[in-house]
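Chemist: sequence-free structure coming up:
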């Protein structure tokens, strides 16, 4: 989901809204720090460890039964 957008699902009177905190992009090797590319590349299915990789971050707002709860992933900008 692009940065700045959100989506909501409802189950009964409870609503869960995804809230974007943005995206990070960098070479795939940054996500496998300390591991040789030859070890993780076959499992990930890539041939270039420096190919750009985009990861979204965000959290959720849960509303229902008179309560609002923020669920933060703890990894944002």
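Modeler: Happy to help now that I have it. Predicted model, so just to flag it, every value in this text is computed and none were measured.
Chemist: In this structure, where is pLDDT below threshold?
Modeler: Low-confidence segments of the chain (pLDDT under 70): 1-6, 74-77.
Chemist: Can you give me the distance of residue 28 to residue 43?
Modeler: Distance of residue 28 to residue 43, given as CB to CB, to the nearest Å: 12 Å. Quick note: C-beta positions are derived from backbone N, CA and C, even for glycine.
Chemist: higher neighbour count, these two?
Modeler: Comparing residue 28 with residue 43 by other CB atoms under 10 Å, the one with more neighbours is residue 28, at 17 against 8.
Chemist: Excluding sequence neighbours, find me the nearest residue to that one.
Modeler: Take residue 28 and drop its neighbours on the chain: the residue closest to it by CB to CB, 6 or more residues apart in numbering is residue 53, 4.5 Å away.
Chemist: Pull the contacting residues for the one you found.
Modeler: Going by CB atoms under 8 Å, 6 or more residues apart in numbering, residue 53 touches 25, 26, 27, 28, 30, 31.
Chemist: just those residues now: which is nearest residue 61?
Modeler: residue 25 (25.3 Å; CB to CB).
Chemist: For the spatially closest residue to the closest one that is not a sequence neighbour, give its distance to residue 27.
Modeler: Spatial nearest neighbour of residue 25, excluding adjacent residues (CB to CB, 6+ apart): residue 54 at 4.7 Å. Distance, residue 54 to residue 27, by CB to CB: 11 Å.
Chemist: Dig out what the residue lying closest to residue 69 once chain neighbours are set aside forms beta bridges with.
Modeler: Nearest residue to residue 69, sequence neighbours excluded (CB to CB, 6+ apart): residue 62, at 4.5 Å. Counting by DSSP bridges, residue 62 forms beta bridges with residue 16, residue 69.
Chemist: Residue 62 reaches residue 19, doesn't it?
Modeler: No - Residue 62 is beyond contact range of residue 19, at 11.0 Å (criterion: CB atoms under 8 Å).
Chemist: higher neighbour count, residue 54 and residue 27?
Modeler: residue 27 (13 against 8).
Chemist: quick one: the more buried one and residue 50 touch, right?
Modeler: Yes - the pair residue 27 and residue 50 passes the contact test of CB under 8 Å, sitting 4.3 Å apart.
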